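S.K.: Fold the following and give me the result.
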Amino acid sequence: MQITVKTSADLSRQKTDCLVLPVPERGSSAAADAVNQASDGLLQSLRKRGDFSGKLGQSLLLPVAPGMTAKRVLLLGCGDSCALTEANYLKLIEALFKALESSGSAEAFLALDEISVDGRDRPWQLKLLARQAVLAEYRYRKTVSKPKEALKLRKLTVAGSNSAGARSALAQGLAIGEGMNVARELGDLPGNHCTPSYLASQARALARKHKALSVSVLDEKKMRELGMGALLSVTAGTEEPAKLIVMEYRGGAKSQAPQVLVGKGITFDSGGISLKPGAKMDEMKYDMCGAASVLGTFAALTELALPINVVGVIAAAENLPSGRATKPGDVVTSMSGQTIEILNTDAEGRLVLCDALTYAGRFEPAAVIDIATLTGACVVALGSHATGLYSNVDDFAEQLLACGREAADRAWQMPLWDDYQKQLDSNFADMGNVGGPEGGSITAACFLARYTKDYRWAHLDIAGTAWNSGANKGATGRPVGLLTQYLIDCAPGR
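M.R.: Numbering: from 1, shown residues only. Okay, here's the model as predicted:
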């Protein structure tokens, strides 16, 4: 998708496949007034007849507009006025690209310079607009014989000042959108295609495109030598070998401590011996969305060529039952030397993460963020709107919350109090891998906290935000937006 900013002149003379005009319910906009005058009162006539009201998200495509050079005119309702809240702006641009897709236009001119968003500047609007444009291009194709028709839209021109800030915002939005689509594609792939080995191949393919990125992959033999008994306990029941994928992006000075992203990559989670119910088990292909978000963030990071050092660690495995599978009651030893009683083999994400988090310490990180579809309890607590956020440093949590707000990819801080730690007590090991039915998302985070005491750490539980169920089933690409915004903010010169 090509997106540029251009100062709008006479809209009636604008040559384009589709001219997009904002039209409020109350009053009007200068753009709408200009087109109404050029077309001998066409817009006013449509309003009077009740064909178009300007309700937020409403659209009306005029295939022919008298007095206009544009081939088509798309009226886009913006609600009460052109001054919008963040939530309504997001609804507006989502409706915009749905309407443009239906129009069949290859390029469009967006006369949206009169739109304002409470508390947000023009670059913020452009960044979210560009991101949504790329998200609208996504089509799942891998295992579909007749995929959905590709988006015809290829070029957008946005009315406004073509400043350095505008160009930077567009570049960031495009890169984040591409990164989210990478994560969506990986998440949507079925488990027989997206295996741990496939994730490793995708990381290597990305590295071949960018000199600043290198990838190494640890096999099970190496993990065993490192003492990763927790991670290996998860993969014991499957024939598909586990992989620990390590991505190192060197865009900053050698002396700069890296930011580390750790992704849970369970490419299919049956629950193991603690078998899940059959209903919706197909959605457990999405249990690798933490890993997908790391790969998606690296795709955005490399595209933006940020002057920062970043390490990605992906713990990739399948969790299946067999005669070799780990059993409830088994005790394993993690890389840190701490022992774990496996009380429920369906609480496997924390087992692969704890060894990956221990491994992350060797990079002497500035900070570590793990991303995981970890608990159904987080879905109960927060639904699908906010990612659960835990951290051992409060100001780090606030920094990530602010990045989520900036990226329209929100998180909500949850408690990480020592009061919950006793729920992990075990008579036969240093800890159990579950803490009972109360506060399940919290006790899972408390488990991980036992492996992250030596560095600044945050945990993102994306079980509710990584994918949608139902008729619109599919990966969302979250929290690539939040993570990329965090890395942008960490880059020197910001």
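S.K.: residue contacts, the residue lying closest to residue 421 once chain neighbours are set aside?
M.R.: Leaving aside its sequence neighbours, residue 421 sits nearest to residue 446 (Cβ to Cβ, 6 or more residues apart in numbering; 5.2 Å). Bear in mind the C-beta positions are built from the backbone N, C-alpha and C, glycine included. Contact analysis of residue 446 by Cβ atoms under 8 Å, 6 or more residues apart in numbering lists 416, 420, 421, 423, 424, 435.
S.K.: you'd agree residue 255 is in a strand?
M.R.: No. Going by DSSP: H, G, I helix; E, B strand; the rest coil, the assignment for residue 255 is coil, not a strand.
S.K.: do you know how far it is from residue 492?
M.R.: 12 Å (Cβ to Cβ, to the nearest Å).
S.K.: who has more neighbours, the two?
M.R.: More neighbours surround residue 492 than the other of residue 255 and residue 492, with 11 against 6 (other Cβ atoms under 10 Å).
S.K.: Tally up the residues packed near residue 333, please.
M.R.: A total of 16 residues lie near residue 333 under the criterion other Cβ under 10 Å.
S.K.: Begin at 24, not 1, for the rest of this chat.
M.R.: Sure, I'll start numbering at 24, so the last one becomes residue 356.
S.K.: Return the per-residue confidence for it.
M.R.: pLDDT recorded at residue 356 is 98.
S.K.: what about it, distance to residue 186?
M.R.: 57 Å.
S.K.: cool, and residue 446?
M.R.: Distance from residue 446 to residue 186, by Cβ to Cβ: 54 Å.
S.K.: Run through the residues that contact residue 314.
M.R.: Residue 314 neighbours (Cβ under 8 Å, 6+ apart): 209, 222, 268, 286, 287, 288, 337, 338, 339.
S.K.: Identify the residues contacting the third one.
M.R.: Just to be clear, that refers to residue 268. 222, 223, 226, 238, 240, 241, 288, 314, 335, 336, 337, 339.
S.K.: Same question for it, what's its three-state structure.
M.R.: Quick answer, by three-state DSSP: residue 268 is strand.
S.K.: for stretch 434-445, how far is the first residue from the last?
M.R.: One end of stretch 434-445 to the other measures 26 Å (Cα to Cα, to the nearest Å).
S.K.: helices and strands around the one helix or strand residue 83 maps to, which ones?
M.R.: Element membership for residue 83 (DSSP states H and E) is strand 82-85. Applying 3 or more Cβ pairs under 8 Å, 6 or more residues apart in numbering; DSSP states H and E, one finds that strand 82-85 contacts strand 96-100, helix 109-126.
S.K.: The same query, at a cut-off of 10 Å, please.
M.R.: strand 42-46, helix 65-72, strand 96-100, helix 109-126 (3 or more Cβ pairs under 10 Å, 6 or more residues apart in numbering; DSSP states H and E).
S.K.: Compute the mean per-residue pLDDT across the last one, please.
M.R.: Okay, so that is helix 109-126. Helix 109-126 carries an average pLDDT of 97.
S.K.: what's the angle from that helix to strand 42-46?
M.R.: Going by axes from the mean of the first three to the mean of the last three Cα atoms, to 10 degrees, helix 109-126 is angled at 140 degrees with respect to strand 42-46.
S.K.: Give me the nearest residue to residue 512, chain neighbours excluded.
M.R.: residue 426 (6.3 Å).
S.K.: burial measure for the one you found, as a count.
M.R.: By other Cβ under 10 Å, the residues close to residue 426 number 23.
S.K.: buried residues in stretch 274-291?
M.R.: Neighbour counts over stretch 274-291 (16 or more other Cβ atoms under 10 Å) mark 274-275, 281-291 as buried.
S.K.: how far out from the middle of the chain is the longest helix seen in the chain?
M.R.: As assigned by DSSP state H, the longest helix anywhere in the chain is helix 187-211. Relative to its parent chain, helix 187-211 has a centroid offset of 10 Å by Cα atoms, centre = their mean, to the nearest Å.
S.K.: If you count contacts, what does the helix or strand just after that helix end up packed against?
M.R.: Sequence order places helix 219-232 as the next helix or strand after helix 187-211, per DSSP H and E. Applying 3+ Cβ pairs under 10 Å, 6+ apart, one finds that helix 219-232 contacts helix 187-211, strand 236-241, strand 266-273, strand 282-292, helix 312-327, strand 332-342.
S.K.: sorry, back to before: give me the more crowded residue out of residue 446 and residue 186.
M.R.: Shown here are residue 446 and residue 186; by other Cβ under 10 Å, residue 446 has more neighbours (19 against 12).
S.K.: Return the residues in contact with the more buried one.
M.R.: Applying Cβ atoms under 10 Å, 6 or more residues apart in numbering to residue 446 gives the contacts 454-455, 457-463, 465-466, 469-470.
S.K.: Residue 151: which of those residues is nearest?
M.R.: Distance to residue 151 across those (Cβ to Cβ) is lowest for residue 465, with 31.9 Å.
S.K.: follow-up on the earlier one: just to check, the residue nearest to residue 512 is in contact with residue 483?
M.R.: No. Taking contacts as Cβ atoms under 10 Å, residue 426 lies outside contact range of residue 483: 11.1 Å.
S.K.: shared neighbours, the two?
M.R.: 434, 502, 505, 506.
S.K.: Out of the residues you listed, the closest to residue 296 would be?
M.R.: residue 502 (31.0 Å).
S.K.: Give me the neighbour count for that closest one.
M.R.: 32.
S.K.: Now do it against residue 484, distance only.
M.R.: Taken as Cβ to Cβ, the span from residue 502 to residue 484 is 10 Å.
S.K.: okay, and for the stretch 74-223 of the chain, where does confidence drop off?
M.R.: Across the stretch 74-223 of the chain, nothing is flagged by pLDDT under 70.
S.K.: redo that, cut-off 90
M.R.: The model of the stretch 74-223 of the chain has pLDDT under 90 over residues 87-90, 170.
S.K.: Let me know the pLDDT of residue 517.
M.R.: Per-residue pLDDT puts residue 517 at 67.
S.K.: My error: substitute residue 506 in the last question.
M.R.: 98.
S.K.: In the stretch 374-517 of the chain, what residue spans correspond to strands?
M.R.: Remark: strands assigned in the stretch 374-517 of the chain by DSSP state E, counting those that start in this stretch are 390-395, 410-414, 434-436, 454-455, 480-484, 490-491, 497-498.
S.K.: Format those as a markdown table; extra columns: mean neighbour count and mean pLDDT.
M.R.: Below are those laid out as a markdown table (neighbours: other Cβ atoms under 10 Å; pLDDT from 0 to 100):
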| stretch | mean neighbour count | mean pLDDT |
| --- | --- | --- |
| strand 390-395 | 28 | 98 |
| strand 410-414 | 25 | 98 |
| strand 434-436 | 19 | 98 |
| strand 454-455 | 22 | 98 |
| strand 480-484 | 28 | 98 |
| strand 490-491 | 20 | 98 |
| strand 497-498 | 20 | 98 |
